[in-house]
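*Asks:* show me how the following folds:
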Amino acid sequence: MLFGKIQKFDEVSGKGIIKPENGNAELHFEKSAVNWGDATTPKTDRRLSYEVGKNDAGADCAVKLQPA
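*Replies:* Residues are numbered from 1 along each chain as shown. A predicted model of the protein is given here:
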């Protein structure tokens with residue numbers, strides 16, 4: 001399990017960027033990858049756990065995001 005903080009999130013597009021705590025490159029994510037029970041919009045600086053997956057274009061992205 002990896003950890004990071006949301007750098008930014010665009011509510012209109014439903015896309016954001018997470019900055020990993022391990023110093024790796026930033027990863028993009030989509031709101032559909034957020035796995036918490038409420039309808040809370042992802043907020044900047046929120047700490048999350050996540051896994052690395054692939055998007056439709058085959059690039060790395062953050063998936064299975066959960067509050068940490």
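*Asks:* so where's the chain shaky on pLDDT?
*Replies:* Counting by pLDDT under 70, the chain shows low-confidence ranges at 37-39.
*Asks:* just checking, Ser32 is part of a helix?
*Replies:* Yes. Using DSSP: H, G, I helix; E, B strand; the rest coil, the assignment for Ser32 is a helix.
*Asks:* excluding residues flanking it in the chain, which one is nearest it?
*Replies:* Counting by Cβ to Cβ, 6 or more residues apart in numbering, Gly14 is the residue found nearest to Ser32 once chain neighbours are left out, at 7.3 Å. C-beta coordinates here come from the backbone N, C-alpha and C atoms, glycine included.
*Asks:* likewise Gly53?
*Replies:* Excluding the flanking residues, the one nearest Gly53 by Cβ to Cβ, 6+ apart is Val63, at 3.7 Å.
*Asks:* contacts only, for that neighbour.
*Replies:* Phe29, Ala33, Tyr50, Glu51, Val52, Gly53 (Cβ atoms under 8 Å, 6 or more residues apart in numbering).
*Asks:* for the protein, what spans make up the strands?
*Replies:* 2-10, 15-20, 27-30, 47-54, 60-67 (DSSP state E).
*Asks:* can you select the buried ones among the contacts of Val63 for me in PyMOL?
*Replies:* Buried members of those, defined by 16 or more other Cβ atoms under 10 Å, are picked up in PyMOL with:
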select buried, resi 29+33+50
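*Asks:* nearest to Phe3, of the contacts of Val63?
*Replies:* Of all the contacts of Val63, Tyr50 has the smallest distance to Phe3: 7.6 Å, by Cβ to Cβ.
*Asks:* ok, which of the strands of the chain comes nearest Thr40?
*Replies:* strand 60-67 (9.0 Å).
*Asks:* buried sites along the closest one?
*Replies:* Cys61, Ala62, Val63, Lys64, Leu65.
*Asks:* what about that strand, distance to the chain center?
*Replies:* Computed by Cα atoms, centre = their mean, to the nearest Å, the chain-centroid distance of strand 60-67 equals 5 Å.
*Asks:* and the nearest residue to Leu2 once chain neighbours are set aside, what does it touch?
*Replies:* Counting by Cβ to Cβ, 6+ apart, the nearest residue to Leu2 once its immediate chain neighbours are dropped is Tyr50, at 5.6 Å. Residues in contact with Tyr50 (Cβ under 8 Å, 6+ apart) are 1-4, 18, 27, 29, 33, 62-66.
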